[in-house]
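Peer 1: heads up, no residue letters with this:
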DNA sequence: CTAAGAGCTAGAGCGTTGTCTAGGTCAAGG
DNA sequence: CCTTGACCTAGACAACGCTCTAGCTCTTAG
């Protein structure tokens, strides 16, 4: 049977497969306490994840891709792990990240405008036959 | 006279001040060949920048802020340093970065949508009195 | 002239985010 | 059984992008 751990949960390899994370990264995340619970082990000592762990990892990937540092994910995971009662703190953390992402998008937009200006300038210089240095007098 | 290097150019401290980069970073950039020319030195061995160097650094900051790796900036700088004739390559590099930034913005937008979903869910839970765990059954 | 504050070089150190290795152990098909 | 491939732990290593240190020199106001 190649389909992992029979009935007792998902193997690390399966979770890696379905989250796009490497098995190394999954072990690293565990050391770093990013999970919402202790991952249980089989009799033989192998990790047995369940689908909720995968769902959380998928969300973690969104957090990571949107620039949330591991330390912040860890903090959020800690709040979730310590159970109900701190939802306001979780919300505050998420709102702060929301603002950070919005700010990042705005900054990228601004930078994109400048990059597009450069692209346009180079396109014109290439079209007009490469003569005047785009760089030097004003090209900047 | 606190105003730097009299007449022969801008000192590293002045350039740091006006670009927001540290003097360490400026020396690092030089070692890494990110400049468009060799930065000349005074008789005493101190760097003497000029305003065009500052303009370039400001553009570099845009590149860096928009996620361009130092290696790519170095590559672009190399093209500029090797003089006219390679404008097509410079353009290609810039266009590729433009696409990368667009892709990054799109990804951030998608992630933002998900983060907002989470924020909304938590806001409702906090408003309704913290009872049902946002996390656990379906909260994901 | 002198003292303080900038600058210089070479190179070590660091935070982040993993990846890889070594040296075994476990699980399951044949 | 036995072989093969997935898994285990602990810890070394790595790429990126600076930052900091040590030890010395330059510049300049007073």
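Peer 2: Great, that's in hand. Remember, it's a predicted structure, so these values are computed and weren't measured experimentally.
Peer 1: contacts and neighbour counts: CA atoms only from here.
Peer 2: Fine.
Peer 1: what residues are up against the residue nearest the centre of chain A?
Peer 2: Nearest to the mean C-alpha position of chain A, by CA atoms, centre = their mean, lies residue A:64 at 1.8 Å. With contact set as CA atoms under 8 Å, 6 or more residues apart in numbering or on different chains, residue A:64 has these partners: residue A:70.
Peer 1: can you tell me the average pLDDT over whatever helix or strand residue A:61 lives in?
Peer 2: For residue A:61, the host element (DSSP states H and E) is helix A:51-65. The average pLDDT for helix A:51-65 rounds to 98.
Peer 1: what about it, near DNA strand D?
Peer 2: No - counting by CA under 7 Å from any atom of the strand, DNA strand D has no neighbours in helix A:51-65; the shortest distance is 13.9 Å.
Peer 1: Identify each buried residue in that helix, please.
Peer 2: Across helix A:51-65, burial judged by 16 or more other CA atoms under 10 Å in any protein chain shown covers A:53, A:54, A:56, A:57, A:58, A:59, A:60, A:61, A:62, A:63.
Peer 1: that older thread, ok, the residue nearest to the centre of chain A to residue B:26 distance?
Peer 2: 30 Å (CA to CA, to the nearest Å).
Peer 1: quick one: secondary structure of residue A:33?
Peer 2: On the three-state scheme (DSSP: H, G, I helix; E, B strand; the rest coil), residue A:33 is labelled coil.
Peer 1: and it, how many neighbours does it have?
Peer 2: Residue A:33: 18 surrounding residues under other CA atoms under 10 Å in any protein chain shown.
Peer 1: show me where chain A has helices.
Peer 2: Taking DSSP state H, the helices of chain A run over residues A:12-19, A:23-31, A:51-65, A:70-81, A:87-127.
Peer 1: just the angle between the longest one and helix A:51-65, please?
Peer 2: For helix A:87-127 against helix A:51-65, the angle between stretch directions is 50 degrees (axes from the mean of the first three to the mean of the last three CA atoms, to 10 degrees).
Peer 1: Residue A:76 contacts residue A:88, doesn't it?
Peer 2: No - using CA atoms under 8 Å, residue A:76 is not in contact with residue A:88; the gap is 11.6 Å.
Peer 1: quick one: which of those two has more around it?
Peer 2: The neighbour count for residue A:76 versus residue A:88, taken as other CA under 10 Å, is higher for residue A:76 (20 against 15).
Peer 1: Tell me how far the more buried one lies from residue A:56.
Peer 2: Separation of residue A:76 from residue A:56 (CA to CA): 12 Å.
Peer 1: can you check residue A:85 too?
Peer 2: Taking CA to CA as the measure, residue A:85 and residue A:56 are separated by 20 Å.
Peer 1: Equivalent analysis for residue A:28, please.
Peer 2: When residue A:28 is compared with residue A:56 (using CA to CA), they lie 15 Å apart.
Peer 1: Write out the residues of chain A neighbouring DNA strand D.
Peer 2: Applying CA under 7 Å from any atom of the strand, one finds that chain A approaches DNA strand D through A:4, A:11, A:12, A:13, A:14, A:23, A:27, A:45, A:46, A:47.
Peer 1: can I get these in a markdown table with neighbour count and pLDDT?
Peer 2: Listed next are these as a markdown table, based on neighbours: other CA atoms under 10 Å in any protein chain shown; pLDDT from 0 to 100:
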| residue | neighbour count | pLDDT |
| --- | --- | --- |
| A:4 | 14 | 66 |
| A:11 | 21 | 97 |
| A:12 | 21 | 97 |
| A:13 | 15 | 97 |
| A:14 | 17 | 97 |
| A:23 | 16 | 98 |
| A:27 | 13 | 98 |
| A:45 | 8 | 95 |
| A:46 | 14 | 97 |
| A:47 | 20 | 97 |
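Peer 1: farthest pair in these?
Peer 2: Greatest spatial distance among the residues of chain A next to DNA strand D (CA to CA): A:4 and A:27, at 17.3 Å.
Peer 1: What about residue A:95, how many residues nearby?
Peer 2: Residue A:95: 19 neighbours (other CA under 10 Å).
Peer 1: just checking, it touches residue B:118?
Peer 2: No - the criterion here is CA under 8 Å, and residue A:95 misses it with residue B:118 at 9.3 Å.
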